[in-house]
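*Asks:* just coords:
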Ligand code: ADP
């Protein structure tokens, strides 16, 4: 593995402000992630995991400190530049899948490719659905799919821009054991085959144990950072 860091989080803090009150949810978080790593972020509910993932992925901005993704300092970018980084280098998977309900499985997978005006979009989206074992569900709408199938569509969509780094927030959170296992296999296959860095927020100890590093948060600070 190259020693180059794909992600650097430098002394990051985050305070949410609303209705005159300020809530500090992350304090002085500092870590670096070498390209190609697999990392789990764990910790109790409310400890700041989702907030941290959002800052690393350029979905939200830090109140202090810097996030450097693929050698680009995110805090200096405008919204369009941030969106370009997300579209070109980053994949996301969320616990509640976040598929578009009015689009079929196939169309959901095609969205990021169409945003980038790519060619052969239908064929490539079908190949991605085949990869996650859903060729026969291409024309189904999300409501017609089980939770595990929706999560696999969401994985196919996340793979569609061949991300350098994939952020997953509780990707196995609502799924039964067997389905979780399948999602886990697909994630680590992407890491092995394409070298995609995986950053996974999870309570799933089985999933965390498959990563090479576990960063544990407690009340907005790093409680431990262990290589496994
Ligand atoms: P975790 O993922 O570990 O459960 P979160 O990052 O979701 O933690 O939340 C950390 C804290 O920040 C919680 O107290 C939560 O209520 C608060 N929080 C999260 N998002 C917002 C927001 N948009 N505005 C205000 N407070 C928020």
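*Replies:* Received the coordinates, thanks. No experiment lies behind these values; they were computed from the predicted model shown.
*Asks:* Next up, the contacts around the residue nearest the centre of the chain.
*Replies:* Nearest residue to the geometric centre of the chain (C-alpha atoms, centre = their mean): residue 167, 1.6 Å. Neighbour list for residue 167: 53, 56, 57, 90, 91, 92, 93, 199, 200 [criterion: C-beta atoms under 8 Å, 6 or more residues apart in numbering]. C-beta: built from backbone N, CA, C; applies to glycine.
*Asks:* I'd like to know how far the third one sits from the ligand.
*Replies:* Right, the one you point to is residue 57. 13 Å (C-beta to the nearest ligand atom, to the nearest Å).
*Asks:* That residue reaches residue 85, doesn't it?
*Replies:* No: using C-beta atoms under 8 Å, residue 57 is not in contact with residue 85; the gap is 9.1 Å.
*Asks:* shared neighbours of those two, anything?
*Replies:* residue 69.
*Asks:* Looking at the two, which one has more neighbours?
*Replies:* Each of residue 57 and residue 85 has its neighbours counted (other C-beta atoms under 10 Å); residue 57 has more, 24 against 16.
*Asks:* For my notes, please list the contacts of residue 167 in a markdown table and give secondary structure and pLDDT for each entry.
*Replies:* Below are the contacts of residue 167 laid out as a markdown table (DSSP: H, G, I helix; E, B strand; the rest coil; pLDDT from 0 to 100):
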| residue | secondary structure | pLDDT |
| --- | --- | --- |
| 53 | helix | 97 |
| 56 | helix | 97 |
| 57 | coil | 94 |
| 90 | strand | 93 |
| 91 | strand | 93 |
| 92 | strand | 91 |
| 93 | strand | 92 |
| 199 | strand | 98 |
| 200 | strand | 98 |
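*Asks:* The protein against the ligand: which residues are in contact?
*Replies:* Taking C-beta under 6 Å from any ligand atom, the part of the chain that reaches the ligand is made up of 16, 18, 23, 25, 43, 45, 46, 47, 48, 49, 50, 51.
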